[in-house]
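1. predicted model, plus sequence, below.
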Amino acid sequence: MIIDSRVLEDVYLPRELMYRESGVGQLSRAFQPALTGSAPHNALTSGPSGVGKTVLARHTLDRLEKRAPVSQAHIRSLGKSTRAILRGAFRQHPADVSEQFSRNTPVDSVD
């Protein structure tokens with residue numbers, strides 16, 4: 001029985017995740033380099049719909065943001081093309097990177 005319907009909203013984030021210590025630990029280790037200004041490791045969460053992948057990522061990223069000046073973006077990708085997903089990432093990026101990728105300047109060779 002669901003007592004609080006807010007738990008079904010995308011923006012809902014519980015204060016603590018019960019029984020997810022392993023997942024939080026794995027993501028925390030992947031994001032650890034960001035604490036020193038380095039690029040974090042890539043991380044992939046997978047599983048069936050509704051198991052808490054998004055909540056796990058948001059929870060861990062929120063913890064990271066309290067320790068380092070990092071930014072995050074939540075992009076809905078279901079049914080979207082790669083181009084649409086990247087466009088969403090560029091739009092949510094704190095720096096204006098869209099102009100850099102909108103130029104189609106041909107080059108004779110690629111180094």
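-> Now that the structure is in, tell me what you want to look at. Owing to the predicted nature of the structure, the values given are computational and were not obtained by experimental measurement.
2. packing partners for the longest helix belonging to the chain?
-> The residue-count maximum for a helix in the chain (DSSP state H) belongs to helix 53-65. Where contact means 3 or more C-beta pairs under 8 Å, 6 or more residues apart in numbering; DSSP states H and E, helix 53-65 is packed against helix 21-31. For the C-beta atoms, the positions are set from N, CA and C on the backbone; glycine is no exception.
3. now do the helix it packs on against helix 53-65, angle only.
-> In this structure, helix 21-31 runs at an angle of 50 degrees to helix 53-65, with axes from the mean of the first three to the mean of the last three C-alpha atoms, to 10 degrees as the basis.
4. quick one: contacts of helix 21-31?
-> With C-beta atoms under 8 Å, 6 or more residues apart in numbering as the contact definition, helix 21-31 has outside contacts at 17, 40-43, 45, 56-57, 59-61, 63-64, 70.
5. one step back: check which residues of the longest helix of the chain are buried.
-> If you call a residue buried by 16 or more other C-beta atoms under 10 Å, then helix 53-65 has these buried ones: 55-61, 64.
6. which residues are in contact with that helix?
-> Contacts of helix 53-65 with the rest of the structure, by C-beta under 8 Å, 6+ apart, involve 10, 12-14, 17, 20, 23-24, 27-28, 31, 34-35, 45-47, 70-72, 74.
7. and the average pLDDT for it is what?
-> Average pLDDT, helix 53-65: 90.
8. with only the CA atoms kept, save that helix in PDB.
-> Listed in PDB are the C-alpha atoms of helix 53-65, where the atom choice follows Å, rounded to 0.1, in the frame of the first residue of the first chain:
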ATOM      1  CA  LYS A  53      17.800   3.500 -10.900                       C
ATOM      2  CA  THR A  54      17.000   7.200 -11.100                       C
ATOM      3  CA  VAL A  55      16.600   7.600  -7.400                       C
ATOM      4  CA  LEU A  56      19.900   5.800  -6.800                       C
ATOM      5  CA  ALA A  57      21.700   8.100  -9.200                       C
ATOM      6  CA  ARG A  58      20.100  11.300  -7.900                       C
ATOM      7  CA  HIS A  59      20.700  10.400  -4.300                       C
ATOM      8  CA  THR A  60      24.400   9.700  -4.900                       C
ATOM      9  CA  LEU A  61      24.800  12.800  -7.100                       C
ATOM     10  CA  ASP A  62      23.200  15.000  -4.400                       C
ATOM     11  CA  ARG A  63      25.600  13.600  -1.800                       C
ATOM     12  CA  LEU A  64      28.500  14.400  -4.200                       C
ATOM     13  CA  GLU A  65      27.200  18.000  -4.800                       C
END
